Structures are given as C-alpha cells and as structure tokens.
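Peer 1: have a look; sequence and predicted model below, questions after that.
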Amino acid sequence: MTLPVIDPEAATRYLASSVRLCLQRAIREAGEPTDLIGQIPETFSPESLASVLECVAQNTPTPFSRVGIVGAGLMGISIAACHLRRGCEVVLFDNAPEALATAPQRVRHELEFQIRDASQISAFLSHLHCASDLHHLADCACVIEAVPENLPLKQAIFKQLEDLVPPDRVFLTNTSTIPVGRLAKELRGPQRLMGLHFLHPVRERPVVEVIGHRQTEPLLAVSVMRQALALGKLPLTVSDSPGFVVNRLLFAYLDEALRSLADGAGIPALDESALRVGFAMGPLRIMDEIGLDTVWAAGRILWEAFPDRIQASPILVTLLKHKRLGRKTGRGFYQYSDVTSWTASPETDSTVEKLLAPWVTTPSTSVTEQMSERLLAAMVGEALSLVQEGVVKEWPMIDVAAVCGLGFPARYGGPVYLAVSQDPTAGLAWMAECLSHTLPDSKLRKFAALVASLREHVSIPPP
C-alpha cells in the first residue's frame, strides 16, 4: 500500500480557488457589498486566510451588538472572547457558581492568546457581564447556546429562553452534531433558531458552520452569515443533518483511529503517523483536548445516525469509566501537567496501555504500515458520502472545511480532491485496501460512479 501521489502545486492552486469560492459565496449570502469580493486576492494560502478574513471583518458591521451566551464552559468562554474582540457586549450565563466566578479570568486568558496589550484586553473585558439568571439575557439581540451535546438539556434551555427573550430576537445553537430542526421543533417560534457552529479552538479555526432548517427565516440566515463575517470567520452553509460536515469528517478520523488502536497500532505511534502525513494533530491527542466525555456525547448522535460506519469503542468506554477525560482531568490517552487546553505537549502514560490491554490485539506489520493511510482514507470515504448526500451545495466546501477547520493535510488539497485528482482505478483500489474492514463492495461501486461524475462535472475542476 502506498500513499496517494498528488501534485502539491496543483493542490495549492485548487485549495486557494476553493477558499475564494467559499468566501465569495459567503459575502453574497450575507448581502454584503460585492466590492468586498474585489479585496480577496486571486490566490492565497489557507495559512493567510485569517488576514483576508480580517479585512472583510473590518468592512462588515455586526448585526448583533449585544450577545448572550449560555454556558461558561470551554466553548462558551472562547465564543465570548471572539465576540468581545469585535466590540460586542457579551452577557455570559451559567448556573454553576464556580464556572461563573472564574469566567472573567478565563476569558482574559483566551484574549491573551491573540492580544498583547493588557490595557486593550481590559477594555474588552469591561464589556463582559456575567449572569446567574437567564432573565439577564432578555435584552440581548442574539442568544447563543453553548452547553454540552445533550438534546434534552438544549431543548430545556431554549424553552426557558423563549419565555424570557422577545420573539424578534435571535437564537443560535453551537451544537456540533444535533440537527437544528430537532431543537427548533420544540419552540413556538422555530423560525428564529439557527445553528452557528464554532470550531475548537475558536481562536485558531477560521471557519464556522451555518445551519438552517426547514422553518428558518430567510432574513435570519443573512444576518447570521453577516455576523460570522464580522467576527472574522468564513461561514460555510451546510445542510441540517447529524454532524453537519466538520464533525462527520472528524469522527470518521477519530473512529478509524480507535479501530487502529484496537488493532495494535500503539498510542504514540498512531498520533505520530498522522503528523507524518501532514495532519495538524494526531487523533488521540485531539480527543484528549476536546474531552473524552464530549467525544462520547457527540459520538452518540453519529453512532445512532450512521451505525454502518461509526461505532462506539470499548476503548473510549474504558477510559470514561476510569474518569480519564483528557487534558481537563490531567489524564486521557496521555497525561498532562497543564490542564489549559491546547497548551503544553502531553507526556506518554504507561498505565493507560494496561487499562486498554483487553481491547487491543497484538500489532501486525500491516497495521503499523497502514496507520496513516487508514486515517486519510477514512476521511476521504466520509467526504464522498457527504457529497453523495448533498450536505453542501458545492463539494469544494468540504475540502475547505477539512483543511481550514480540521487540519487535514493541505498538500492533498482536501479529502474530495484527494479522491478526484487520482487515477480512478488506483485511487479506489487504495481506498478498498485501507478500508476493507468498513467499506463494502456496494459502497465502493457507488464511490467509483461518484468520482467519475465529479471528474467530469465539477464547479472547480482539479488543475
């Protein structure tokens, strides 16, 4: 088995044109002046996307100047900092006294990653208001829910908010996996709810997912797109389905990692193999940073929706039972001296291997050699499924989400480009070999037909 050979210059040109396409679409959907499009360079790298988005943000007024956020956890804090940086007033609610008491310092810490001027940080923090009562959100133009991936919990929060917040105000959910329509159907005014999914870490991920549902008010979609651009983010409009785009791709990556681990890949070796082919971070480290409890909660939605492809792993169950939740508890797949997310590198932990031993087989040479290919192929397969299902309007959006949102190796152009730009016979043979344990022949034949179609009819043909 050999890694796919892709012309890196062609992949770079394709990716640049794809990012430009997505940004042009976002500006138009936001109803912003089209002269903003003229400020987008013809070619630029994903790495320089932040500077382009900053230029757009400076020319895009925020439609929601006073924003409420429900949940002072990791995501709530990051989303609050993101809005404060753009001049918004933020009311941050949490019913846990400790979380609320430490919120200002945690927001300050988040801002310090991006701003060196202490006086400027203090000025931003003067617009942060912490609240232990939902009534304080009543005068917010927009309220963002950022609590754990628990459907009943989210539904209960929106029901309470609906009784407190005037009907002309906007509700947004930061859900990463739950279809927004499932949350909206419990509301008297479902048309005012949309999904705005920020990616973690918020300060480093330039893209967000924007999710409407059948009853979404069209003008609301325009405002949400405009808000995302004003925050310096690239909004990608995706269909309302479990996991949307980013988490569908992410969990394909994580699921394949857990399968490889069970096949004897080894913890450090597995993550190192991902880094060698260009992933921004190894899958096991990602799970530790997100939190294994969060991975489990989000994973349940996807396991139920796609049982043929993604399954609950006994490895994850074992770590949860031993309260090894990742960096937040100091131990997960690795051990951590600093529990601040995405900071110092972890250390290996020999005790975890003993815990997982009942679920791990003796490693074989083929597993060791195939680790990186299996991770790549898993995301390629899921990306092709997303195209088949029509989750996005144009398939380059999937590649932009993968590279800019998940750290998929830019050298391959994205998972769809990786499939489409290869010789069809060789590429599908590679996928069949990598995913023989999860990819049935019937699915492979459908992928073959899809790839052939994409090569002939694409919005942006591979150079």
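Peer 2: Thanks, I have the structure now. Remember, it's a predicted structure, so these values are computed and weren't measured experimentally.
Peer 1: since we're on Arg28, how many residues are nearby?
Peer 2: 13 (other CB atoms under 10 Å). Every residue, glycine included, has its C-beta placed from N, CA and C.
Peer 1: how about the strand or helix carrying it: buried residues?
Peer 2: Arg28 belongs to helix 8-29 when assigned by DSSP states H and E. For helix 8-29, burial by neighbour count (16 or more other CB atoms under 10 Å) applies to 11-23, 25-27, 29.
Peer 1: how about stretch 108-123?
Peer 2: Arg108, Glu110, Leu111, Ile115, Ile121.
Peer 1: repeat that for stretch 100-108.
Peer 2: Neighbour count says stretch 100-108 has Leu100, Thr102, Ala103, Pro104, Arg106, Val107, Arg108 buried, by 16+ other CB under 10 Å.
Peer 1: just the CA atoms of it, as CSV, please.
Peer 2: Presented in CSV, the C-alpha positions along stretch 100-108 are these (Å, rounded to 0.1, in the frame of the first residue of the first chain):
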residue,chain,number,x,y,z
LEU,A,100,-19.2,31.9,36.6
ALA,A,101,-16.7,33.1,39.2
THR,A,102,-13.7,32.1,37.1
ALA,A,103,-15.2,33.2,33.8
PRO,A,104,-13.6,36.7,33.6
GLN,A,105,-10.2,35.3,34.2
ARG,A,106,-10.7,32.5,31.7
VAL,A,107,-11.9,35.0,29.0
ARG,A,108,-8.9,37.2,29.8
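Peer 1: picking up where we left off before, could you point out which element follows the helix holding Arg28?
Peer 2: Downstream of helix 8-29, the first helix or strand assigned by DSSP H and E is helix 49-58.
Peer 1: list the helices and strands the helix or strand following that next one packs on?
Peer 2: Per DSSP H and E, the first helix or strand lying C-terminal to helix 49-58 is strand 66-70. If you count contacts as 3 or more CB pairs under 8 Å, 6 or more residues apart in numbering; DSSP states H and E, strand 66-70 packs onto helix 74-85, strand 89-93, strand 142-145.
Peer 1: pairing partners for strand 66-70, with directions?
Peer 2: The strands beside strand 66-70 in its sheet (DSSP bridges) come out as strand 89-93 (parallel), strand 142-145 (parallel).
Peer 1: same list (these) but as TSV, adding mean neighbour count and distance to Met281.
Peer 2: Formatted as TSV, those follow (neighbours: other CB atoms under 10 Å; distance: least, CB to CB, whole Å):
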stretch	mean neighbour count	distance to Met281
strand 89-93	24	28
strand 142-145	26	26
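Peer 1: so Pro97 touches Cys130, yeah?
Peer 2: No. At 10.5 Å, Pro97 does not count as touching Cys130 under the criterion of CB atoms under 8 Å.
Peer 1: who has more neighbours, those two?
Peer 2: Ranked by neighbour count (other CB under 10 Å), Pro97 and Cys130 place Cys130 first, with 19 against 9.
Peer 1: what helix or strand does that one sit in?
Peer 2: strand 128-131.
Peer 1: so where's this structure shaky on pLDDT?
Peer 2: Applying pLDDT under 70 to the chain picks out residues 1-3, 34, 36, 38-47, 341-343, 363-369, 457-463.
Peer 1: ok, now with 50
Peer 2: Within the chain, the ranges that satisfy pLDDT under 50 run 459-463.
Peer 1: first vs last residue of stretch 127-138, how far apart are they?
Peer 2: The separation between the terminal residues of stretch 127-138, taken as CA to CA, to the nearest Å, is 17 Å.
Peer 1: for it, the distance to its chain's centre please.
Peer 2: Averaged C-alpha coordinates place stretch 127-138 at 27 Å from its chain's average position (CA atoms, centre = their mean, to the nearest Å).
Peer 1: do stretch 198-218 as well
Peer 2: On CA atoms, centre = their mean, the centre of stretch 198-218 falls 9 Å from that of its chain.
Peer 1: what would it look like as PDB? C-alpha coordinates only.
Peer 2: Extracted in PDB, the C-alpha atoms of stretch 198-218 (Å, rounded to 0.1, in the frame of the first residue of the first chain):
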ATOM      1  CA  PHE A 198     -17.700  27.400  16.100                       C
ATOM      2  CA  LEU A 199     -14.700  25.000  15.900                       C
ATOM      3  CA  HIS A 200     -12.300  24.400  18.700                       C
ATOM      4  CA  PRO A 201     -10.000  26.100  19.400                       C
ATOM      5  CA  VAL A 202     -12.100  29.100  18.300                       C
ATOM      6  CA  ARG A 203      -9.200  31.500  18.100                       C
ATOM      7  CA  GLU A 204      -7.300  29.300  15.600                       C
ATOM      8  CA  ARG A 205     -10.100  27.900  13.400                       C
ATOM      9  CA  PRO A 206     -11.100  30.400  10.700                       C
ATOM     10  CA  VAL A 207     -14.300  28.600   9.600                       C
ATOM     11  CA  VAL A 208     -17.700  28.200  11.200                       C
ATOM     12  CA  GLU A 209     -20.700  26.100  10.000                       C
ATOM     13  CA  VAL A 210     -24.000  27.900   9.400                       C
ATOM     14  CA  ILE A 211     -27.000  25.600   9.700                       C
ATOM     15  CA  GLY A 212     -30.600  26.400   8.900                       C
ATOM     16  CA  HIS A 213     -33.600  24.200   8.900                       C
ATOM     17  CA  ARG A 214     -37.000  23.900   7.100                       C
ATOM     18  CA  GLN A 215     -38.600  26.700   9.100                       C
ATOM     19  CA  THR A 216     -35.600  29.100   9.300                       C
ATOM     20  CA  GLU A 217     -36.500  32.700   8.500                       C
ATOM     21  CA  PRO A 218     -34.500  33.600   5.300                       C
END
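Peer 1: tell me which residues in it are buried?
Peer 2: For stretch 198-218, by 16+ other CB under 10 Å, it's 198-200, 202, 205-213, 216-217.
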